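Visitor: model the structure of this input:
(4 chains)
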Protein chains: 2
Amino acid sequence: MSELPKNRKVTRADVARYSGVSTAVVSYVLNNGPKPVAPLTRERVLEAVRVLGYRPNAAARALSTGSADMIGMIVVDSRNPFFAQLCHALDRATVRRDRSLLIANSDREHVAAADQIHDLAARQIGGLIIADVLTAVEQAIIESLDIPVVLINQYTGASKTPAIGVDFRAGAKSAVEHLIEHGYRDIAFVGSALAIDRRERGWSDALSEAGLPLGPRLHAPFSYAGGYEAGLALAESERRPRAVFAASDQIAVGLLAALHRAGLRVPDDIAVVSFDGTMESAYTWPPLTTVAQPIAAMADEAIRQLVTGVLTPGLTTFPTELVVRESCGCAAGVSGVGAGLVEVDSTSHLDLSL
Amino acid sequence: MSELPKNRKVTRADVARYSGVSTAVVSYVLNNGPKPVAPLTRERVLEAVRVLGYRPNAAARALSTGSADMIGMIVVDSRNPFFAQLCHALDRATVRRDRSLLIANSDREHVAAADQIHDLAARQIGGLIIADVLTAVEQAIIESLDIPVVLINQYTGASKTPAIGVDFRAGAKSAVEHLIEHGYRDIAFVGSALAIDRRERGWSDALSEAGLPLGPRLHAPFSYAGGYEAGLALAESERRPRAVFAASDQIAVGLLAALHRAGLRVPDDIAVVSFDGTMESAYTWPPLTTVAQPIAAMADEAIRQLVTGVLTPGLTTFPTELVVRESCGCAAGVSGVGAGLVEVDSTSHLDLSL
DNA sequence: CTGAAAGCGCTTACAG
DNA sequence: CTGAAAGCGCTTACAG
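Guide: Presented below is the predicted three-dimensional model:
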């Protein structure tokens, strides 16, 4: 709109000159403080900003204040559907609070997580979200940086570091209890070998309390391939379980592929319940019964703590919800076609020309 | 390691003092220029950096140079598996070149894409990647910013803006030709209604050249739900096609769910081929035959152009590859169990206790 | 309520 | 090959 030379950026000085005030006053109105400004002066400044098309330089602000209004995030692999949804939710929550989210994948080749943490810190992030299991060294680095940190989905229970997450144990237990209600007595576990992960414990809790023996236990990586391999192993096992609790939807998707490959019917031959409640869980065949995590609410809380600076030590727990579909054995009629299809785009339209 | 007070950041001045040189020299060695430095001096500086644990302040550097060593990215929805993989690949490519990727989802509520573009610019990004269809206004804003831009997967053919992408038309055509080779004569299209999207054209090309009539054409949003709805519509249609070309894996996943729901067998009742080659395409049932995009190579090229500043006007095309699995009707034995399971983690291990 | 001025931590032309 | 110094565009304590 403005006819200024393109190669010359409009700065605060230009705005000050145009509106006949000092640059300090321009700052006061743009930041709503720390000093009050007379209403009329304020208007003049705002008008100048509008006319000149002024945009503050974030780098200059960051240098001056020591914070870049960015939240950093370390995540193992943002391609993983659960983490992809988490990143997306954090992005939304961050933007809502006028910050930006700077994501660093820790599965980067040839780059140590420690370097990434330092890199984020060098960029003057105002807070750090960690969705990854860090080594002691990495944790030490983070502490030395004194940047506020919130763990998400990675609570060890060992520290007072603020953490956001669901009760993995209770959530898993509810899933397995649902399988037990179906009458299955031989229920396997497929999931992480990490001690941090309480889902395995939830599985064994449910079985113990029901007086049932522990079914097969397969430790597989959190990936489609991990689930697939576990599924093949289960299918070929001479002691094939009647049902499986998978620790993530992604594992369950791989698992389903393997079971189909092996010619087994789900849920008739083997029932499946998983964890996370990602979008894709509604579109597998059969649709997955899954323990849904309230991703948006968790993301909001993590960002809230970081932005307000009011950190809650230890774990802040969010409730899970068992989304019942068909992989567990519940009839399609009960949960209904499209049950759990919460993500249906309201603007969705189909143009048919059959 | 160093025993400095935590609340006092080590700056370039500290390093200069410690090594007995000026801050200019510290810059010269850290940036390898623009002036030469004597080897011994260089060593002294590096030693000081090490001892003091010095980390350059990126905001200060950004203010001084006018560039924050960050690449910005606008993407519709990073949860979409294809975009999730693209973002991940771009992250890798960016880090390899000592930059960071700052991602902005354009589906943010209450935040106009225009504002996000301005926000990225304010953060002094050195380049912008666009994986989204922008309005004319948004394009105008970007041009006025004079930040180097590369479109990815969004080439309109209308402008000389550098763009990276596959030949959608040829890729789609190869997929449909594969279906034709199977002997199917009634082949539907499910995909975007956007004129930009040449996949529909590739579909009709293949049919025309084979002397076949155009099958049903369904325009659905790029989402699981879009594919699901289209699948239901196809299944219920009195003129059900024998095969379908789906414009994305995500649509195909939704489509498969709907076909299963309708009691149709894939590929026996209806065959499916899709587009993208995302990880999940290998784990559907049946596994999807799909036109794979070379995501990593495309990401590398986009970042290379932005970082080196050597922009290639117009479209730089990458080859697609038809990954044959089973949804098209090819026998499992031919493509093999696990064909296309490229992503199997080499460190993958299964701990079984059956 | 407003302004002059120092300072944030870098980079780099300029001088030696 | 090295250094003194100006400048990048903000913020904010201090003075009026």
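Visitor: give me the below-cutoff pLDDT ranges for the stretch 151-300 of chain A.
Guide: Scanning the stretch 151-300 of chain A with the threshold set as pLDDT under 70 gives A:156-158.
Visitor: and the residue of it nearest DNA strand D?
Guide: The nearest approach of the stretch 151-300 of chain A to DNA strand D comes at residue A:162, 24.4 Å away (Cβ to the nearest atom of the strand). Where C-beta positions appear, they are placed from N, C-alpha and C, glycine not excepted.
Visitor: near DNA strand D, which residues of the stretch 1-150 of chain A?
Guide: Proximity of the stretch 1-150 of chain A to DNA strand D, by Cβ under 7 Å from any atom of the strand, involves residues A:9, A:11-13, A:23-24, A:26-28, A:30-31, A:34-35, A:54-57, A:60-61, A:63-65.
Visitor: again, 10 Å this time
Guide: By Cβ under 10 Å from any atom of the strand, the residues of the stretch 1-150 of chain A that approach DNA strand D are A:8-16, A:22-31, A:33-35, A:54-67, A:69.
Visitor: which of those residues are close to DNA strand C?
Guide: Okay, of these touching DNA strand C (Cβ under 10 Å from any atom of the strand), that's A:12, A:16, A:22-29, A:34-35, A:59-66.
Visitor: on that earlier part again, out of the residues of the stretch 1-150 of chain A next to DNA strand D, which touch chain B?
Guide: Residues shared between those and the neighbourhood of chain B are A:55, A:56, A:57, A:58, A:59, A:60, A:62, A:63 [Cβ under 8 Å from any Cβ of the partner chain].
Visitor: dump the residue contacts of the third one.
Guide: Residue A:57 sits next to A:9, A:11, B:63, B:122, B:124 when contact means Cβ atoms under 8 Å, 6 or more residues apart in numbering or on different chains.
Visitor: where does residue A:83 land in three-state SS?
Guide: Classification of residue A:83 using DSSP: H, G, I helix; E, B strand; the rest coil returns helix.
Visitor: any idea how far residue A:217 lies from residue A:92?
Guide: Computed with Cβ to Cβ, to the nearest Å, the distance linking residue A:217 and residue A:92 is 37 Å.
Visitor: neighbour-wise, which of these two wins?
Guide: Taking neighbours as other Cβ atoms under 10 Å in any protein chain shown, residue A:217 and residue A:92 compare with residue A:92 leading, 20 against 17.
Visitor: for chain B, see how far away that one is.
Guide: Distance, residue A:92 to chain B, by Cβ to the nearest Cβ, to the nearest Å: 6 Å.
Visitor: let me know whether that residue touches residue B:111 as I believe.
Guide: No: at 9.0 Å, residue A:92 and residue B:111 do not qualify as touching, with contact defined as Cβ atoms under 8 Å.
Visitor: can you pull out the helices in the stretch 1-150 of chain A?
Guide: If DSSP state H, counting those that start in this stretch is used as the criterion, the helices of the stretch 1-150 of chain A fall at A:12-19, A:23-31, A:39-52, A:58-65, A:81-96, A:113-122, A:136-144.
Visitor: buried residues in the fourth one?
Guide: Spelled out, it's helix A:58-65. Using 16 or more other Cβ atoms under 10 Å in any protein chain shown as the test for burial, helix A:58-65 gives A:58, A:59, A:60, A:61, A:62, A:63.
Visitor: dump stretch A:12-26 to CSV, restricted to CA.
Guide: Output of stretch A:12-26 as CSV, limited to C-alpha atoms (Å, rounded to 0.1, in the frame of the first residue of the first chain):
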residue,chain,number,x,y,z
ARG,A,12,10.4,2.5,14.9
ALA,A,13,12.3,5.7,14.2
ASP,A,14,10.2,6.3,11.1
VAL,A,15,7.0,5.8,13.1
ALA,A,16,8.2,8.2,15.8
ARG,A,17,9.2,10.8,13.3
TYR,A,18,5.9,10.5,11.4
SER,A,19,3.8,10.8,14.5
GLY,A,20,6.0,13.5,16.1
VAL,A,21,6.9,11.5,19.3
SER,A,22,9.9,9.7,20.6
THR,A,23,10.6,6.1,19.8
ALA,A,24,10.0,5.4,23.5
VAL,A,25,6.4,6.4,23.2
VAL,A,26,6.0,4.2,20.1
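Visitor: next, the buried residues of stretch A:253-272.
Guide: Neighbour-count burial for stretch A:253-272, counted by 16+ other Cβ under 10 Å, picks out A:253-262, A:264, A:266-267, A:270-272.
Visitor: kindly indicate which of the residues you listed lies nearest residue B:290.
Guide: Nearest to residue B:290 among the buried residues of stretch A:253-272: residue A:257, at 14.6 Å, using Cβ to Cβ.
Visitor: how many residues are close by the residue in chain A positioned nearest to DNA strand D?
Guide: At 2.9 Å from DNA strand D, residue A:12 is the closest residue in chain A, using Cβ to the nearest atom of the strand. Neighbour count for residue A:12, taken as other Cβ under 10 Å: 18.
Visitor: test my guess that it contacts residue A:27.
Guide: Yes: at 7.1 Å, residue A:12 and residue A:27 qualify as touching, with contact defined as Cβ under 8 Å.
Visitor: from residue A:230, how far out is the residue in the stretch 101-250 of chain A that chain B sits nearest to?
Guide: Residue nearest to chain B within the stretch 101-250 of chain A: residue A:219 (3.7 Å; Cβ to the nearest Cβ). Counting by Cβ to Cβ, the separation of residue A:219 from residue A:230 is 9 Å.
Visitor: contact residues of the stretch 51-200 of chain A facing DNA strand C?
Guide: The stretch 51-200 of chain A has residues A:59, A:60, A:61, A:62, A:63, A:64, A:65, A:66, A:122, A:124 near DNA strand C, with proximity defined as Cβ under 10 Å from any atom of the strand.
Visitor: okay, the residues you listed in a markdown table with pLDDT and distance to residue B:246 next?
Guide: Shown next, in a markdown table, are these (pLDDT from 0 to 100; distance: Cβ to Cβ, whole Å):
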| residue | pLDDT | distance to residue B:246 |
| --- | --- | --- |
| A:59 | 96 | 44 |
| A:60 | 96 | 48 |
| A:61 | 96 | 46 |
| A:62 | 96 | 45 |
| A:63 | 96 | 50 |
| A:64 | 95 | 52 |
| A:65 | 94 | 49 |
| A:66 | 92 | 50 |
| A:122 | 95 | 44 |
| A:124 | 95 | 45 |
